[in-house]
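Q: Got a predicted structure here, sequence first:
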Amino acid sequence: MNDSKMSAWLNSLMACQACDLRHEGNLGPVRFSGDASSPLMFVGEGPGGVEDEYGVPLVGPSGKLLDKALWSVGLTRDHIYVTNIVKCRPKNNRTPTLEEGKRCANIHLVKEIELVQPKVIVCLGKVAFQYFYGRTASIMHNRGKWFEYEGIPVMPTYHPAFLLRQTGHELVESKWQVYYDFKAAAEKAKEAMPDFTFKSPEKPDLLATYAELQKSRHIQQ
């Protein structure tokens, strides 16, 4: 990956005014977290309140659940690439529309994929899944089923926020489904790059890692 090209992309992302989401009361676009040289890319939906504060995706309650699931299959956040379909927080933490996802992804995510060149993509939730799938379809019926996007294998699965809304037997079943989806994606990424390090000895403290970025986002307002 070309660091200067990634830096240029980040600058263009931070300056983006391409849609109305930028003006819904958020602190601006949220970048990626993790390792841009990783063969494994996770793509969520859109930033929530904590993500808007810190400027990186999936560091709030959903992110904590994601970290636990990743750890269970031999992955940590510092060794994968995590981003979102939609870069700016929608007002009131609403789920971005499919149209908003497509518009933003066609500007920014396609460039990320070109720069990172992931070997495997995991899409979290309906908005991310339908963007890669290219048409309207049910995440419930398609999670766990591989398909390809521009020659890259893609594994669709539930967004952690979906799990946080569940209870009882449904929660247990969904957690196991996500576990097997993550496990399959991790195995495929490890086959593609067997010498790559996918896990640190401990889970990284993402809020501490991005504390300076959080401060800078408020200073810039």
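A: Arrived safely. All values derive from a computational prediction rather than experimental measurement.

Q: need the contact list for Q166.
A: For Q166, the contact set (Cβ atoms under 8 Å, 6 or more residues apart in numbering) comprises S174. Every C-beta, even on glycine, is put in place using the N, C-alpha and C of the backbone.

Q: So which elements touch the top helix by length along the chain?
A: Criterion DSSP state H: the longest helix present in the chain is helix 168-192. Counting contacts by 3 or more Cβ pairs under 8 Å, 6 or more residues apart in numbering; DSSP states H and E, helix 168-192 packs against strand 40-44, helix 61-72, strand 120-124, strand 152-157, helix 160-164.

Q: in it, what's buried?
A: For helix 168-192, a neighbour-count test (16 or more other Cβ atoms under 10 Å) marks 174-175, 178, 181-186, 188-190 as buried.

Q: just stretch 149-160 next, same as before
A: Going by 16+ other Cβ under 10 Å, stretch 149-160 has these buried residues: 153-160.

Q: hang on, the earlier thing: just send the helices and strands packed on helix 168-192 back as TSV, with mean pLDDT and distance to A18 too.
A: Shown next, in TSV, are the helices and strands packed on helix 168-192 (pLDDT from 0 to 100; distance: least, Cβ to Cβ, whole Å):
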stretch	mean pLDDT	distance to A18
strand 40-44	98	19
helix 61-72	96	25
strand 120-124	98	22
strand 152-157	98	25
helix 160-164	94	25
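
Q: Mean neighbour count, those: which tops it?
A: strand 40-44 (a mean of 28; mean count of other Cβ atoms under 10 Å).

Q: what residues does that strand touch?
A: 57-58, 62, 66, 75, 80-85, 109, 112-113, 116, 118-125, 128, 132, 159, 185-186, 189, 198.

Q: Wait, a helix at C88?
A: No. Read with DSSP: H, G, I helix; E, B strand; the rest coil, C88 is coil and lies in no helix.

Q: What is the distance between stretch 93-107 and the centre of its chain?
A: Relative to the centre of its chain, stretch 93-107 is centred 13 Å away, using Cα atoms, centre = their mean, to the nearest Å.

Q: Show the end-to-end separation of that stretch, please.
A: Distance between the two ends of stretch 93-107: 22 Å, counting by Cα to Cα, to the nearest Å.

Q: Show me which residues of that stretch are buried.
A: Applying 16+ other Cβ under 10 Å to stretch 93-107 flags 95-96, 100-105 as buried.

Q: From these, which land in helices?
A: Reading helices off the buried residues of stretch 93-107 with DSSP H, I get 100-104.
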